[in-house]
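from the sequence below, what's the structure:
(one chain, ligands or ions: 1)
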Amino acid sequence: MHYKRILLKLSGEALMGEQQYGIDAKRLDEYAEEIQGVIEKGVEVAIVIGGGNIFRGLAGASQGMDRVQGDHMGMLATVINGLALQSALELKGVQTRLQSAIKINEVAEPFIRRRAIRHLEKGRVVIFGGGTGNPYFTTDSAAVLRAIEIKADVILKGTRVDGIYTSDPEKDKNATKFDSISFNEVLSKGLKVMDTTAFTLSQENELPIVVFDMNTRGNLMKIVSGENIGTVVNV
Ligand code: UDP
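Numbers count the residues shown, from 1 in each chain. Just a heads-up that it's a prediction; the model follows:
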């Protein structure tokens, strides 16, 4: 396998599948199957999951809610998604641990870096819930932070588009895809990969990011095997 230890970032919205809100059981099952495939190849898999399918702090703030309060709701949403993903993986016989950045001990282990690494070494999927545990951050930042902490080889950002394009491919039919691109080029071209905080953290720590389409079956395995079907962001 091309990568030994990966940090897979899944957005909350991806879990909605065809729905407008919440968790689509079919989509969840498909993701679990993809993850099971790479675990069986001996790849160590950590996952950070978003919460946008349930709640975003900014959405609350735009309706007058205190931002921090909204972000707390968003963080809890990521724990809900983490539990759902854990359940889907366990139904397939994949061993998992959910670690939360906010203390919720009856539901999930607290985030303990050394313990997370040990779980990975034992072949368990580690799901990191609760984002970074702080308001004003995103789960992309959590993904980069955790990836650096556990010394992952790469962040795999699963999206509904198959990579980074010169412009938004859903709006511009002349948009072309990059096979690879440097961190500096992403910044100078004003392309959007992750929010600035997350992106800069990745750049400073020379942690490569692969953007790929997670909704096509077999893609996760292809990426992990070294096939370049997405866009690699590197130094
Ligand atoms: N959030 C937060 N701190 C974090 C990560 C997430 O406060 O470290 C909150 C924030 O309100 C965010 C919500 O959780 O809007 C859901 O996360 P995100 O928007 O990153 O999810 P995604 O877009 O990946 O579904």
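
okay but Gly22 is in contact with Gly51, surely?
No - contact criterion C-beta atoms under 8 Å: Gly22 and Gly51 do not qualify, at 11.4 Å. Yep, even glycine has a C-beta here, placed from its N, CA and C like the rest.

quick one, what contacts the closest residue to Gly130 other than its chain neighbours?
Spatial nearest neighbour of Gly130, excluding adjacent residues (C-beta to C-beta, 6 or more residues apart in numbering): Ala101 at 3.6 Å. Listed by C-beta atoms under 8 Å, 6 or more residues apart in numbering, the contact partners of Ala101 are 75, 111, 128-133, 142.

the helices in this structure, which residues?
Using DSSP state H, the helices of the chain run over 25-40, 57-62, 67-91, 113-121, 139-149, 183-188, 196-204, 219-225.

what does the protein have sitting close to the ligand?
11-13, 50-52, 56-58, 70-71, 74-75, 77-78, 131-132, 134-135, 137-139, 141-142 (C-beta under 6 Å from any ligand atom).

could you flag which of those are buried?
Burial by neighbour count, 16 or more other C-beta atoms under 10 Å: within the residues of the chain next to the ligand this picks out 11-13, 50-52, 56-57, 70-71, 74-75, 77-78, 131-132, 135, 137-139, 141-142.

pLDDT weak spots in this structure?
By pLDDT under 70, the chain contains no weakly predicted segment.

who's in contact with Ala88?
Residues in contact with Ala88 (C-beta under 8 Å, 6+ apart) are 25, 28-29, 31-32.

please check those residues and keep the buried ones.
28, 31-32.

closest one of those residues to Asp168?
Nearest to Asp168, judged by C-beta to C-beta, of the buried ones among the contacts of Ala88 is Tyr31 at 24.4 Å.

distance-wise, check the closest one relative to Ile49.
10 Å (C-beta to C-beta, to the nearest Å).

ok, Val107 next?
15 Å.

so between those two, which is more surrounded?
Neighbour comparison, Val107 and Ile49: the larger count goes to Ile49, with 31 against 13 (by other C-beta atoms under 10 Å).

now for the closest residue to the more buried one other than its chain neighbours: which residues touch it?
Of all residues not flanking Ile49 in the chain, Asn81 sits nearest, at 4.6 Å (C-beta to C-beta, 6+ apart). Residues near Asn81 by C-beta under 8 Å, 6+ apart: 12, 15, 23, 49-51, 53-54, 129.

so Glu121 touches Ala46, yeah?
No - contact criterion C-beta under 8 Å: Glu121 and Ala46 do not qualify, at 11.6 Å.

neighbour-wise, which of the two wins?
A count of neighbours by other C-beta under 10 Å puts Ala46 above the other of Glu121 and Ala46, at 27 against 10.

give me the beta-bridge partners of the more buried one?
Assessed by DSSP bridges, Ala46 has beta-bridge partners Leu7, Val126.

quick one, what contacts it?
By C-beta under 8 Å, 6+ apart, the neighbours of Ala46 are 5-8, 116, 120, 125-128, 146-147, 150, 152.

at 10 Å what do you get?
Applying C-beta atoms under 10 Å, 6 or more residues apart in numbering to Ala46 gives the contacts 5-9, 97, 99, 116-117, 119-120, 124-128, 143, 146-147, 149-150, 152, 155.

kindly supply the PyMOL command isolating those of the residues you listed that are buried.
Isolation of the buried members of the contacts of Ala46 (16+ other C-beta under 10 Å) is achieved in PyMOL through the command below:
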select buried, resi 5+6+7+8+9+97+99+116+117+119+120+124+125+126+127+128+143+146+147+149+150+152+155
